[in-house]
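K.L.:
give me coordinates for this.
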Amino acid sequence: MASGKTEVARALANRLHMPFVDLDSLIAEDAQMSVAAIFAREKEAGFRVREARMLDQVLAGPASIVATGGGSPCFADNLSKMRTKGTVVHLATELGTALQRAKAQSGPTRPLLQASPAEVEDLFRTRAPVYRRAHISVSTEGKDAAGVASEIEDALDSCKGLPAKLLEDAAVVALRERSYPVVVSRGSLLELGPLLRARLPGLTKLGLISDTTVFGLYGQDLVDSLKAQGIEVVSSTVAPGEDSKELSVFASQCEAMIAGGLDRKSAIVALGGGVVGDLAGFVAASLYRGIALVQVPTTLLAMTDSAIGGKTGINSTQGKNLIGAFWQPSFVLADPNLLATLDKRELRAAFGELVKYALLDDAIWPQVEALASEIAAPELLVGAELCELVRSCAQLKAAVVSEDERERGVRATLNLGHTLAHAIEKAAGYGQVLHGEAVALGLLAACRVSHAIGLCDATLEARVCAVLEAAGLQTELGPWLNSEVLAHLRVDKKRTGSLVRFIALAHPGDVRMQDIELSELTRLLLED
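P.N.:
Okay, the predicted model is just below:
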């Protein structure tokens, strides 16, 4: 509500020379009374019935730009119908901003804002994860309608060249002229060449960075297919595992790409998991002060998280990911069919990140619960259920990055569970405990701290523990709360002085950023 949907939709319709439709106005016209009057007479339930019926009529009509009500995608199967019939855009607006705009409007035009401040805030938190399932999410903060419409147009332009079958499965990271699609579609690896041609016209040479295992499985076939598109490929591989995220390996990859003849109009393709994506991304960000990057994730963890959002980097001797840059890819192409060759331990480990997403968006929780005990089953890897779960997580990540690219606000919530996880990884030695395994333990720590500060009840940790155990992940937190692990909290990237910005939980779908003194955080973790 009060995000400016009507003004932005009208401005976008003008830019695209398309008809403009306001759903609430159509409902009021059909009912011969205002929306407020419908709420007063028929209550919200009656209004939602009218809304769903009118939405069906609009979706069956001619192509247009439609401004819906704030609650439209949150009821029945409205959002699914909207996504199937068109491109859904979420206008991300902070609660305080929306309330200020609503107060500036005259008349009782927004019945749901007549509730108490606590109820309004709860409504905002409940709807936020739903909105992030849109194809595109654009922040409205500090912008007028024309500016927001321009950003939406940029995001729509980023999808040009995508085949229809891939567009339906895509989400968009909306960052003005740096907007890009995230495609999650089975069999899509075969589309890489045509997509490179569409997204990077004039590309003649690229660097393909992979690890030896992944390249052995998919690399040569991919190189051959790209050459068939007239694209010269300079291939380079690194050893699998975190040891490849080092300065010496980074330097050698830069030298290999330069020696191979890449120039400022070339691109880097990262074919692999999170390690390859982080490393190759940092190479692309650094080579000639930045060349195009394409992320082709091959692991569950990379498809749902690390390949999306532009974080690149390598490890320091003092901590994980302390050296790097934000460098957004031109597009992300995730083919879940590639998971069929993934090591079973890697699959289980990635489930730690999937549980994180389920805690960020409670609508993902049933998907995660349903797949927990089957995560390493061969028949699951090519199933629609896992593909849909990957897509849900990727959509959420894309929406959050669109709202907050540089992690100054909501993007920090994606670090849920990571404060302790990074400390565990460093203390154990990178690669000894996989990232997702550490995140699983970190999520339990987040539940424990959240309960200790009075934010959630004690049952949340038990619920999370049960899902992690079903997936075969370690859940015994106590042995990891030793002096060495706790000492590494001091080099957490989110630390400012003695304060750690800790991501805490009220319940699934409701996360809060809490600044906690390092000494207090240690005490809370050790409390039983």
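K.L.:
lowest-confidence helix or strand of this structure?
P.N.:
strand 495-496 (a mean of 66; mean pLDDT, DSSP states H and E).
K.L.:
ok, now which ones touch L524?
P.N.:
R448, V449, A452, I453, I516 (Cβ atoms under 8 Å, 6 or more residues apart in numbering). No exception for glycine: its C-beta is placed from N, CA and C like everyone else's.
K.L.:
closest one to L499 out of those residues, please.
P.N.:
I516 (6.9 Å; Cβ to Cβ).
K.L.:
so the closest residue in space to that closest one that isn't next to it in sequence bridges to which residues?
P.N.:
Leaving out its chain neighbours, the residue that sits closest to I516 by Cβ to Cβ, 6 or more residues apart in numbering is F502, at 4.9 Å. Note on F502: beta-bridge partners by DSSP bridges are Q514.
K.L.:
ok, F502 touching E520?
P.N.:
No - using Cβ atoms under 8 Å, F502 is not in contact with E520, being 9.8 Å away.
K.L.:
looking at the two, which one has more neighbours?
P.N.:
For F502 versus E520, the count of surrounding residues by other Cβ atoms under 10 Å is larger for F502: 27 against 16.
K.L.:
what sits against that one?
P.N.:
Counted by Cβ under 8 Å, 6+ apart, F502 has contacts T419, A446, V449, K494, M513, Q514, D515, I516, L521.
K.L.:
before we move on, what about V138?
P.N.:
V138 touches V89, H90, L91, A92, V148, E151, I152, A155, A174, S402, counting by Cβ under 8 Å, 6+ apart.
K.L.:
now those: which count as buried?
P.N.:
For those, a burial check counting by 16 or more other Cβ atoms under 10 Å picks out V89, H90, L91, A92, V148, E151, I152, A155, A174, S402.
K.L.:
which stretches of the stretch 251-400 of the chain have low pLDDT?
P.N.:
Within the stretch 251-400 of the chain, the ranges that satisfy pLDDT under 70 run 376-382.
K.L.:
what separation do you get for D278 and G313?
P.N.:
Between D278 and G313 the computed distance is 5 Å (Cβ to Cβ, to the nearest Å).
K.L.:
overlap of the contact sets of these two?
P.N.:
K245, N321, G324.
K.L.:
the residues you listed into JSON lines, with extra columns for secondary structure?
P.N.:
Output for the shared contacts of D278 and G313, formatted as JSON lines (DSSP: H, G, I helix; E, B strand; the rest coil):
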{"residue": "K245", "secondary structure": "coil"}
{"residue": "N321", "secondary structure": "strand"}
{"residue": "G324", "secondary structure": "strand"}
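K.L.:
on the three-state scheme, L525 is what?
P.N.:
helix.
K.L.:
what sits against it?
P.N.:
L420, A445, R448, V449, L481, L486.
K.L.:
how far off centre is the longest helix seen in the chain?
P.N.:
Ranked by residue count under DSSP state H, the longest helix found in the chain is helix 35-60. Mean-position distance between helix 35-60 and its chain equals 32 Å (Cα atoms, centre = their mean, to the nearest Å).
K.L.:
cool, stretch 461-474 as well?
P.N.:
23 Å.
K.L.:
picking that back up, so which of the contacts of L524 wins on neighbours?
P.N.:
For these, the largest neighbour count, defined by other Cβ under 10 Å, is 25 neighbours, found at V449.
K.L.:
same for the helix or strand encompassing it, what does it pack against?
P.N.:
Assigned by DSSP states H and E, V449 belongs to helix 435-452. Applying 3 or more Cβ pairs under 8 Å, 6 or more residues apart in numbering; DSSP states H and E, one finds that helix 435-452 makes contact with helix 344-360, helix 418-428, helix 459-470, strand 499-507, helix 518-526.
K.L.:
show me what the second one is packed against.
P.N.:
The criterion is 3+ Cβ pairs under 8 Å, 6+ apart, and the helices and strands that helix 418-428 contacts are strand 319-326, helix 435-452, helix 483-487, strand 499-507.
K.L.:
quick one: closest of the ones you listed to M1.
P.N.:
Per Cβ to Cβ, nearest to M1 of the helices and strands packed on helix 418-428: strand 499-507, 21.9 Å.
K.L.:
may I see the buried residues of the closest one?
P.N.:
V500, R501, F502, I503, A504, L505, H507.
K.L.:
which of the contacts of F502 are buried?
P.N.:
T419, A446, V449, K494, Q514, I516, L521.
K.L.:
A strand includes S210, no?
P.N.:
Yes - counting by three-state DSSP, S210 falls inside a strand.
K.L.:
doesn't G272 make contact with it?
P.N.:
Yes - the criterion here is Cβ under 8 Å, and S210 meets it with G272 at 5.0 Å.
K.L.:
out of the two, which sits in the busier spot?
P.N.:
Legend: neighbour count by other Cβ under 10 Å for S210 and G272, higher for G272 (31 against 26).
K.L.:
list the residues that contact that one.
P.N.:
I209, S210, D211, V214, A280, V296, P297, T298, T299, A302.
K.L.:
reformat these as a markdown table; add distance to E255.
P.N.:
Shown next, in a markdown table, are the contacts of G272 (distance: Cβ to Cβ, whole Å):
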| residue | distance to E255 |
| --- | --- |
| I209 | 13 |
| S210 | 17 |
| D211 | 18 |
| V214 | 21 |
| A280 | 14 |
| V296 | 23 |
| P297 | 25 |
| T298 | 25 |
| T299 | 26 |
| A302 | 25 |
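K.L.:
which one of these is nearest L338?
P.N.:
Closest to L338 out of the contacts of G272 is T298 (4.7 Å), distances taken as Cβ to Cβ.
K.L.:
now the closest one, nearest residue through space, not along the chain?
P.N.:
Of all residues not flanking T298 in the chain, L338 sits nearest, at 4.7 Å (Cβ to Cβ, 6+ apart).
K.L.:
one more: N482?
P.N.:
A427 (7.7 Å).
K.L.:
so what's that neighbour scoring on pLDDT?
P.N.:
Looking at A427, its pLDDT reads 91.
K.L.:
check the gap between it and A506 for me.
P.N.:
29 Å.
K.L.:
next: M257.
P.N.:
To A506, M257 is 46 Å away according to Cβ to Cβ.
K.L.:
who has more neighbours, D278 and G313?
P.N.:
Remark: of D278 and G313, D278 carries more neighbours, 26 against 20, as counted by other Cβ under 10 Å.
K.L.:
what helix or strand is that one located in?
P.N.:
According to DSSP H and E, D278 maps onto helix 274-286.
K.L.:
and that helix with strand 319-326, angle?
P.N.:
Here the directions of helix 274-286 and strand 319-326 differ by 40 degrees (axes from the mean of the first three to the mean of the last three Cα atoms, to 10 degrees).
K.L.:
I'd like to know which elements helix 274-286 is packed against.
P.N.:
strand 205-211, strand 232-238, helix 247-259, strand 267-272, strand 292-297, strand 311-316, strand 319-326.
K.L.:
same thing but 7 Å
P.N.:
Helix 274-286 sits against strand 205-211, helix 247-259, strand 267-272, strand 292-297, strand 311-316, strand 319-326, with contacts defined as 3 or more Cβ pairs under 7 Å, 6 or more residues apart in numbering; DSSP states H and E.
K.L.:
reformat those as a markdown table; add distance to E346.
P.N.:
Output for these, formatted as a markdown table (distance: least, Cβ to Cβ, whole Å):
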| stretch | distance to E346 |
| --- | --- |
| strand 205-211 | 12 |
| helix 247-259 | 20 |
| strand 267-272 | 12 |
| strand 292-297 | 12 |
| strand 311-316 | 19 |
| strand 319-326 | 18 |
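K.L.:
which one of the contacts of L524 is nearest T68?
P.N.:
Distances from T68 to these, taken by Cβ to Cβ, are shortest for I453, at 37.4 Å.
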